[in-house]
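Novice: one predicted model, sequence on top.
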Amino acid sequence: MEWCMSMPKVELHAHLNGSIRDSTLLELARALGDKGLIDFSQVEHVILKNDRSLTEVFKLFDVIHILTTDHMTVTRIAKEVVEDFASENVVYLELRTTPKKNDSQGMSKRSYVEAVLEGIRSVSSVDVALIPYTEDPRNLLHPLCGATNAKCNGNSRKKIFVRLLLSIDRRETTESAMETVKLALEMGHLGVVGIDLSGNPKVGEWKTYLPALKFAREQGLSVTLHCGEVPNSKEIQDMLDFLPQRIGHACFFEEEHWRKLKSTNIPVEICLTSNIRTLSVSSIDAHHFVDLYNAKHPLVLCTDDSGVFSTSLSNEYKIAASSLGLGRKQMFELSKNSVEFIFADNVVKDELREIFNSAAKNLE
Ligand code: 6MZ
């Protein structure tokens, strides 16, 4: 586990509100409980419960969203989530979140995303490279210490690249999804690099979002889809035909879906603990990760919801390594290959390749 912690890692599938520390959720719940706005003991029970079906997970998200409605809290959780990933040597984080409109809080989708960005910028425990690298000279790496010029003080500091994906929730309307895509385009210069389709997979039809997803792609945004988290053969086929840049989960694929996936080489975001906890996959040994890994299909290990599923990216690597009997070199390669599937530009990719190359030298 220590070794998995120390290795540089890339996180491409992490939902902001699913990655909150339990301690923070409990603190927020206690504060609302004290104000008489919620029943703390009931919410505490929901937060601390460990085994949840997929349906229960989405009930938990509704509770979490009640606790994180205001701008200040959104800023706080974004800061903490970045700090937590950085503390386990994640060097590139593509954080995804659903922009929320909430009139009672004076919150628009834009002000929600601004609050997230403020949280990311306020991280001080590590250097954060957020604004597209090419446009902000303060983000250039110092040639000696490896820290950004903005914060270099002669010592080597940890650094994490952060980019945002804006999520469309399957409960939204076509218009609302289009609003999210337009917002992502307007905020590209602030570090938003793509669109995700997520939310309860038993709800809604993905076709509702097709116009928005097509528009996103036409305008140069990368798209990732939650695909096959529940059995739905037609939807899976249609999603694969759309040729998204990546997909998440792929739990309920049938033969023809695997054939299509493998022939198109669409990278898969693998969320082991999440799939096991929600009973989408019966055991690690039965997980499609094993076949995809052996087939050398592009894949990336991810946490999904590190808070909700009490996991970390290092833990996901540890689980994968023990189930497949992978050695350090193979785990390192798996982590390094993830760089090829990020949505940020080639300058960032080159920078990350450098980070992995110098880490490889230290491993020898
Ligand atoms: C599908 C999921 C998910 O956006 O409020 N989300 N969608 N499948 C999953 N697997 C377990 N886990 C999380 O983060 C929480 C939201 O992310 C999506 C859901 O829409 C959830 O409400 P944000 O930051």
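Specialist: Arrived safely.

Novice: show me the shaky parts of the stretch 1-150 of the chain.
Specialist: 131-150 (pLDDT under 70).

Novice: I'd say Asn17 and Phe61 touch.
Specialist: Yes. Asn17 lies in contact with Phe61 (CB atoms under 8 Å); the separation is 6.5 Å. Placement of C-beta: from N, CA and C, glycine included.

Novice: these two: which has the busier surroundings?
Specialist: Ranked by neighbour count (other CB atoms under 10 Å), Asn17 and Phe61 place Asn17 first, with 23 against 19.

Novice: how near is that one to the ligand?
Specialist: Distance, Asn17 to the ligand, by CB to the nearest ligand atom, to the nearest Å: 3 Å.

Novice: would you confirm that that residue belongs to a strand?
Specialist: No. Asn17 is assigned helix when assessed by DSSP: H, G, I helix; E, B strand; the rest coil, not a strand.

Novice: just give the nearest non-adjacent residue to it, would you?
Specialist: Ile64 (5.1 Å; CB to CB, 6 or more residues apart in numbering).

Novice: quick one: buried residues of the strand or helix carrying the one you found?
Specialist: Per DSSP states H and E: Ile64 is located in helix 54-67. Neighbour-count burial for helix 54-67 flags Leu54, Val57, Phe58, Leu60, Phe61, Val63, Ile64, Leu67 (criterion: 16 or more other CB atoms under 10 Å).

Novice: a markdown table please, covering these and showing distance to the ligand.
Specialist: Shown next, in a markdown table, are those (distance: CB to the nearest ligand atom, whole Å):
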| residue | distance to the ligand |
| --- | --- |
| Leu54 | 7 |
| Val57 | 5 |
| Phe58 | 7 |
| Leu60 | 9 |
| Phe61 | 4 |
| Val63 | 11 |
| Ile64 | 7 |
| Leu67 | 11 |
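
Novice: show me which residues of the stretch 201-350 of the chain sit near the ligand.
Specialist: His226, Glu229, Ser274, Thr278, Asp304, Asp305 (CB under 6 Å from any ligand atom).

Novice: at 5 Å what do you get?
Specialist: His226, Asp305 (CB under 5 Å from any ligand atom).

Novice: so where's the stretch 201-350 of the chain uncertain?
Specialist: Checking the stretch 201-350 of the chain against pLDDT under 70 turns up nothing.

Novice: what segments of it are helices?
Specialist: For the stretch 201-350 of the chain, the helices defined by DSSP state H, counting those that start in this stretch occupy 210-218, 233-242, 255-264, 272-277, 288-294, 313-324, 328-337, 346-363.

Novice: buried deepest among the ones you listed, which one?
Specialist: Counting by mean count of other CB atoms under 10 Å, helix 272-277 has the highest mean neighbour count of these, with a mean of 22.

Novice: sorry, back to before: pipe the buried residues of helix 54-67 into JSON lines and attach distance to Asp350 per row.
Specialist: Shown next, in JSON lines, are the buried residues of helix 54-67 (distance: CB to CB, whole Å):
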{"residue": "Leu54", "distance to Asp350": "39"}
{"residue": "Val57", "distance to Asp350": "37"}
{"residue": "Phe58", "distance to Asp350": "39"}
{"residue": "Leu60", "distance to Asp350": "39"}
{"residue": "Phe61", "distance to Asp350": "36"}
{"residue": "Val63", "distance to Asp350": "42"}
{"residue": "Ile64", "distance to Asp350": "37"}
{"residue": "Leu67", "distance to Asp350": "40"}
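
Novice: which pair in the residues you listed spans the largest distance?
Specialist: Among the buried residues of helix 54-67, the pair separated by the greatest distance (CB to CB) is Leu54 and Leu67, at 20.8 Å.

Novice: so who does Ala212 touch?
Specialist: Applying CB atoms under 8 Å, 6 or more residues apart in numbering, we find Ala212 in contact with Ile168, Thr174, Ala177, Met178, Thr180, Val181, Ile195.

Novice: residues contacting the last one?
Specialist: Put plainly, it is Ile195. Applying CB under 8 Å, 6+ apart to Ile195 gives the contacts 165-168, 180-181, 184, 212-213, 216, 221-224.

Novice: with the second one instead?
Specialist: Taking CB under 8 Å, 6+ apart, we find Thr174 in contact with Thr208, Tyr209, Pro211, Ala212.

Novice: name the nearest of these relative to the ligand.
Specialist: Lowest distance from the ligand to the contacts of Thr174 (CB to the nearest ligand atom) belongs to Tyr209, with 12.8 Å.

Novice: now the closest one. Nearest residue, chain neighbours left out?
Specialist: According to CB to CB, 6+ apart, the nearest residue to Tyr209 is Ala177 (4.7 Å).

Novice: cool, and Gly191?
Specialist: Counting by CB to CB, 6+ apart, the residue nearest Gly191 is Leu130, at 4.7 Å.

Novice: which parts of the stretch 51-200 of the chain are helices?
Specialist: Using DSSP H, counting those that start in this stretch, helices in the stretch 51-200 of the chain cover 54-67, 71-87, 109-121, 174-186.

Novice: relative to the ligand, how far out is Ser283?
Specialist: For Ser283, the distance to the ligand - CB to the nearest ligand atom - is 18 Å.

Novice: next, give phi and psi for that residue.
Specialist: Ser283 has phi and psi values of phi -160, psi 170 when expressed as degrees, to the nearest 10.

Novice: so who does the closest residue to it other than its chain neighbours touch?
Specialist: The shortest distance from Ser283 to any non-neighbouring residue, by CB to CB, 6+ apart, is to Ile276 (7.0 Å). Neighbour list for Ile276: Ser282, Ser283, Ile284, His287 [criterion: CB under 8 Å, 6+ apart].
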